[in-house]
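> Have a look at this prediction, sequence included:
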Amino acid sequence: MNKINNKTIKDYLIGKATAKEMEQLAQWLADSEENQKELFEMELAFHLGRNSSVATPQKVEEAENRLFAQIDKHEEHTIKNNRLHFFRYAAAMIVAVLLIGGGLFAYLRQSTETITVAALNEVKKVVLPDSSIVWLNKGATISYAESFEGNERKVNLKGEALFHVTKNAAKPFIVSSEASSAKVLGTTFNFKDQGAKGKDVISLIEGKLEVTGHNGEGKVILHPNQKATISKDSKTITKEDSYALADAVWRDNMIPFNNMQLKEIARILEQLYDYKITIDSKLDHKKTYTGVIKRNKDIENVLDGLSYTISFHYTIHDKEITLSK
């Protein structure tokens, strides 16, 4: 298969590709590295351009119209030999419309050994060269080498991501933001880069993690269910206990609790919803519970679901909740 309908590419870029189109696209990508480079440059320009802070809705619409008009025109007389040239021209055109200052042009001139992936309106799963898995939260961007060569596996992050790192004791895995970095051998953790607030929050789910501030904040070692907060403003790094799985609930919106007492579940809900929860002394404090409940925008819906498994009543007043028998 050496050709692909350009409508399929358009549908893929705007997130409306059918299952059949995705299958055709996968086959086309498998045909050659040239095909992969073509789609890489197109997708990079389209998605990063849309995610630019200077990309107003009007500019996005204008750029898309120009780009897709060129694709349609090219559809009529495409030949494989000049297709790569066209895509590079189209990518440059949409970037020129959406970006100011030429930052992305500089990136496109770099070696294709560096890969950048952006998550826009949904959580995006990325498999790294060492088989480590990253889930990018909405608006997050990750950059990494096409192949992890040398003595380290380095990843740059903007935004929030959940990492499940493949173990390799001889090759540490390092995630860096502007404010801090986390060094691991093999572990699962959530890294939240809050650049606008001048801090990072890193929560460890399993394994062991070394967290270092980039501006003299210092270094801490995290163990499971601990988190580090790095503040650029105060130049401090703090460590505290935290149910780490709660910090990663955004990935699938499921809240897990395993063999937990009611007071522990209450602390998780406090962490997620910013409420103060008080438990009546008449409720059984020693009984444990195991299960998963779907996160909901309103804590009332979560409490309703839990009350079927854990027999209790609740009352809410302002930001305080009381659980009673």
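The structure has been received and is ready for your questions. This one's a predicted model, so the numbers in the text were calculated from it and none came from an experiment.
> how about stretch 237-252: buried residues?
The neighbour-count check on stretch 237-252 (16 or more other CB atoms under 10 Å) flags 237, 242-249, 251 as buried. C-betas here are computed from N, CA, C, even on glycine.
> Which single one of those residues is nearest to residue 301?
residue 249 (14.4 Å; CB to CB).
> For the closest residue to the closest one other than its chain neighbours, grab the count of nearby residues.
Leaving aside its sequence neighbours, residue 249 sits nearest to residue 295 (CB to CB, 6 or more residues apart in numbering; 5.4 Å). Using other CB atoms under 10 Å, residue 295 has 16 other residues around it.
> thinking residue 295 is in contact with residue 254, fair?
Yes. Under the criterion of CB atoms under 8 Å, residue 295 makes contact with residue 254 at 6.8 Å.
> Partner strands of the helix or strand hosting residue 230, with direction?
Assigned by DSSP states H and E, residue 230 belongs to strand 226-231. Strand 226-231 has its sheet partners listed here by DSSP bridges as strand 199-206 (antiparallel), strand 236-241 (antiparallel).
> How far off centre is that strand?
19 Å (CA atoms, centre = their mean, to the nearest Å).
> Need the buried residues of stretch 237-252 in CSV (columns: pLDDT and secondary structure).
Formatted as CSV, the buried residues of stretch 237-252 follow (pLDDT from 0 to 100; DSSP: H, G, I helix; E, B strand; the rest coil):
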residue, pLDDT, secondary structure
237, 94, strand
242, 86, coil
243, 86, coil
244, 88, helix
245, 86, helix
246, 85, helix
247, 86, helix
248, 88, coil
249, 86, helix
251, 87, helix
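> Among those residues, which one lies nearest to residue 262?
Lowest distance from residue 262 to those (CB to CB) belongs to residue 243, with 14.1 Å.
> now the helices for this protein?
Using DSSP state H, the helices of the chain run over 6-13, 19-31, 33-50, 57-75, 80-98, 103-108, 244-247, 262-273, 299-309.
> Give me the helices and strands touching the shortest one, please.
If contacts are counted by 3 or more CB pairs under 8 Å, 6 or more residues apart in numbering; DSSP states H and E, helix 244-247 sits against strand 188-194, strand 199-206, strand 226-231, helix 262-273.
> Dump those into TSV; add distance to residue 149, mean neighbour count and mean pLDDT as well.
Formatted as TSV, the helices and strands packed on helix 244-247 follow (distance: least, CB to CB, whole Å; neighbours: other CB atoms under 10 Å; pLDDT from 0 to 100):
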stretch	distance to residue 149	mean neighbour count	mean pLDDT
strand 188-194	23	24	91
strand 199-206	26	22	92
strand 226-231	29	23	93
helix 262-273	40	17	87
